[in-house]
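Peer 1: fold the stuff below for me.
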Amino acid sequence: MGQSLDGRIATLCGASQWVTGPEDILHNHRMRALSDAVLVGAGTVRHDDPKLTVRHCAGRNPVRVVVDTNRRLDGGQGIFHDDAAPTLLLCARDMTRGGAERVGAAEVVGLPRRGDGLDPAEILALLAERGLGFVFIEGGGVTVSRFLQAGCLDRLQVTVAPLILGSGRPSFTLPEIETIDGGLRPKSRHFVLGADILFDCDLRG
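Peer 2: Have a look, this model is predicted:
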């Protein structure tokens, strides 16, 4: 996930292209090429209309997974209508119409509603049943935060750009803590990507 120095991934109106530089974009495409599936939330699809394909390096396209619990997307986005890669639309089961449902070229799959969203562990279990074991949670901030809070991330990669937005959408939305000791301080490595710094955090164990 790419963010500004002040922890923002987009402006308040959702503009996010591009917070980080071309080297981080290349890294992102390499991560897609290594993955069985790439997963994003409905907000990312609505604001960015991403292709989620591998274009800046060699490699196969991963299966594309869109989490849209309440079916907020209108289905007009490009990801639902190209044949570049198989696409799954995950929503709450009570939002499905039954039978083999599709939105354009995307297969609709219902999962149990858990509070105001879907359970990240159940999402990963569903994907594993389909042979998709290496899942890249690409964004956005709310989606990554849900998987992080649920303890469903093995690694977290955050690229920080020398940019200050001053306001906007935060990278993470997590429960409040009272002390610094309550924060998460994983083992990490850092790498220089052009003008940006990538933090590769190990969340296992």
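Peer 1: how about the strands in the chain?
Peer 2: Taking DSSP state E as the criterion, the chain carries its strands at 2-3, 8-10, 37-41, 63-67, 87-92, 102-103, 106-111, 135-139, 155-160, 169-170, 187-193, 196-202.
Peer 1: what comes up buried for the longest helix along the chain?
Peer 2: If you go by DSSP state H, the chain has its longest helix at helix 22-34. Along helix 22-34, these residues count as buried under the neighbour rule (16 or more other CB atoms under 10 Å): Glu23, Asp24, Ile25, His27, Asn28, His29, Met31, Arg32, Ala33. All C-beta spots, glycine's among them, are computed from the backbone N, C-alpha and C.
Peer 1: ok, so of those residues, who is nearest Thr179?
Peer 2: Lowest distance from Thr179 to the buried residues of helix 22-34 (CB to CB) belongs to Asp24, with 32.3 Å.
Peer 1: unless I'm mixing things up, the closest one is touching Ile197, no?
Peer 2: No - applying CB atoms under 8 Å as the test, Asp24 and Ile197 come out as separate, 9.7 Å apart.
Peer 1: thinking again about what came up before, name the residues that touch the longest helix of the chain?
Peer 2: Helix 22-34 is contacted from outside by 2, 18, 38, 52-62, 134, 136, 138, 157, 159, 161, 193-194, 196, 198, using CB atoms under 8 Å, 6 or more residues apart in numbering.
Peer 1: that one to strand 155-160, inter-axis angle?
Peer 2: For helix 22-34 against strand 155-160, the angle by axes from the mean of the first three to the mean of the last three CA atoms, to 10 degrees is 160 degrees.
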